[in-house]
Each structure stands twice: as C-alpha cells, then as structure tokens.
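Trainee: Everything below, folded, please.
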Amino acid sequence: WYGANFLLRDILFRLGVYRPKADRLSVLSVLFESTRWVWRRLPASIRGQLEPLHQWFARRSSSRETLPTLEADPRSSYCFPVSNGLAIGGIRLNLAGREPQGILEPGAVAEAFCDQLITDLLGIVDERTGNALVQRVTRTAELYNGEKLNHLPDLLVQWNDEVPTGSTIVSDGVSAKVKARSPKIGIVEGVNGYGRTGEHRANGLFMAIGPNIQPNRLDREVSILDFAPTLAKMLAVNLPCFDGHPIPELIESFSLSREC
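Mentor: Now for the predicted structure:
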C-alpha cells in the first residue's frame, strides 16, 4: 500500500484552496494542531521520551473531527477531497453552477486553478525519500467521458510508490508516519491508520496455460478488455459489441487443440 491519501485534506487546507466548516472544529482538533508547532521544536531527546504519548494523542485526534476529516465550507473552498478509494486521491472542484454553493467559475478560471493546483501538488516532497510525494495529477476528463462524468472527481492524485506506507495497526506502526513539505504547505505530517497492507494496482499479471500454449513472454501488454473478445472467439460466440482485441496467441493455441 502506497501514498498519503490521509494527508490530502490537510494539504489542500495548507494550500489555501480548502476550508473546513468552522463550527465543526473540535477542541481536540484545535489543540492537536497547535501542539504540532511546539512538538517540532522540542529537543530530540525529549521527543523520544514522549513519542508513545504523542502517537496516542495523534491517533485519538485522527479518530475524531480533526482538521483533515472535516466537511468543506462551500463559501470559501475552491475544491474539496472526495471519497475515491484509498489508492488514488480524488479532488472535486467547487464549480459555480454545478455545486450547490459553487464559487469557482468554470472555463478558463477553473482551468487556471487546476494548472496551479497540479503544480503545487507535484512540488510536495516526501521526507522519507526526498523525492516527490505525488507522482502525477490527472484531469478525469482526459480519461473518461459520458453524461455521468460530473459524478466523478475532477482531479485524480496518484501517489509516488517509491516506498510503501505502513499502518498503525500492523507491525507496530512501522513506516506508518508520512511527513510532507513544500514552500507553500510548510510541513504536513500524519499517520496511516488503514490496516490493509496492499491495494489494487493499475497493472496486473496475466498468465495462460494449456495444450499447445508455448512457453513465452508476450512482447506487448494485454488489456483486461481483451479477455471478453478472446474467450468469445475461442468458444465461437458472437460478441456484437466490445472493446479490446482477441489475443492471437491464445486463439491459435486453442484452434490447434481443437484440431488435435
């Protein structure tokens, strides 16, 4: 499992594009945010002694209405994070005319906003590696289309997968803390409490075995969209509408098997 999706709200807040509802701030949240400044300035020897207490306080704070989990204030938020699973972050623009209280004008203004936000996100450094925390940010409209496009996030945040992220409930919290920095956000840090240690990936592994299939590695990628037309052709089933293409190596092997 990679990334720091649990930091996305805090990052957007520090960038000044997202604001939580002021009436939802809890006393514990405010206290935790203010003590971060003090904690970073304590001597390393004292921080080491107080680390168990600090971790306990961080977990207690993250389980309640802390800053990264508050709902957006639509009157002052240009965008807000939306649920998109945990592997890829999702950001939705608070567009005027689309959102109930949208403030970001669609068109050139929104495009310029996205350009700047993407630049700011790509400029964040992961303290664990010294490299970028975010691998890429993609406009959803570049990947998908259709009448339901507005139901999806507008921006997709793909995190750097250079090092895996641990969890506070697995292996005593090894590698669960992520600290990010940039000139615009300062230092943002948090711990991952999600217990699953793996996640879906864009690319997978495809293997086929059977009579007349020669041991070999294909010199190209096979799309999951190729499976349906391949199986349909092997079974002589008419598939009138499909994306993808039959995998010729499997078709040939299956044809030889039937002849034998």
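Trainee: P240: neighbour count?
Mentor: For P240, the count of nearby residues is 5 (other CB atoms under 10 Å). Where C-beta positions appear, they are placed from N, C-alpha and C, glycine not excepted.
Trainee: Low-confidence stretches in the stretch 101-250 of the chain?
Mentor: In the predicted model of the stretch 101-250 of the chain, no residue satisfies pLDDT under 70.
Trainee: Can you list the residue ranges for helices in it?
Mentor: Defined through DSSP state H, counting those that start in this stretch, the helices belonging to the stretch 101-250 of the chain, from first to last, are 108-122, 227-234, 248-259.
Trainee: Show me the one of the ones you listed that comes nearest I187.
Mentor: Closest approach to I187 among the helices of the stretch 101-250 of the chain (CB to CB): helix 108-122, 15.1 Å.
Trainee: tell me the most buried of the helices of the stretch 101-250 of the chain?
Mentor: Burial among these, expressed as mean neighbours by mean count of other CB atoms under 10 Å, is greatest for helix 227-234, which shows a mean of 17.
Trainee: Now do the same for the spatially most central residue of the chain: its pLDDT.
Mentor: The centroid of the chain falls nearest to I88 when counting by CA atoms, centre = their mean (2.1 Å). What the model reports as pLDDT for I88 is 91.
Trainee: correct me, but it touches L155?
Mentor: No - counting by CB atoms under 8 Å, L155 is not a contact partner of I88; they are 10.1 Å apart.
Trainee: so S77 touches G16, yeah?
Mentor: No - counting by CB under 8 Å, no contact exists between S77 and G16, whose distance comes to 9.9 Å.
Trainee: Counting neighbours, go ahead and name the busier of these two.
Mentor: Looking at S77 and G16 with other CB under 10 Å, you find the greater number of neighbours at S77, namely 24 against 13.
Trainee: can you tell me how far that one sits from N94?
Mentor: With distances taken as CB to CB, to the nearest Å, S77 is found 5 Å from N94.
Trainee: separation between A132 and D120?
Mentor: The gap separating A132 from D120 is 12 Å, by CB to CB.
Trainee: hang on, I meant R136
Mentor: Computed as CB to CB, the R136 to D120 distance reads 14 Å.
Trainee: Kindly report the same for P74.
Mentor: P74 is 21 Å from D120, where distance means CB to CB.
Trainee: ok, now E189?
Mentor: Applying CB to CB, the value for E189 to D120 is 18 Å.
Trainee: what's the answer for V157, then?
Mentor: V157 sits 12 Å away from D120, taking CB to CB as the criterion.
Trainee: ditto for N203
Mentor: From N203 over to D120 (counting by CB to CB), the distance is 28 Å.
Trainee: Can you classify G3 by secondary structure?
Mentor: For G3, the reduced secondary structure class is coil; criterion used: DSSP: H, G, I helix; E, B strand; the rest coil.
Trainee: Retrieve the pLDDT associated with it.
Mentor: Note for G3: predicted pLDDT of 88.
Trainee: Grab the nearest non-local neighbour of it.
Mentor: Spatial nearest neighbour of G3, excluding adjacent residues (CB to CB, 6 or more residues apart in numbering): W159 at 2.9 Å.
Trainee: Hmm, the one you found is touching A4, no?
Mentor: Yes - taking CB under 8 Å as the definition, W159 is a contact partner of A4 at 6.2 Å.
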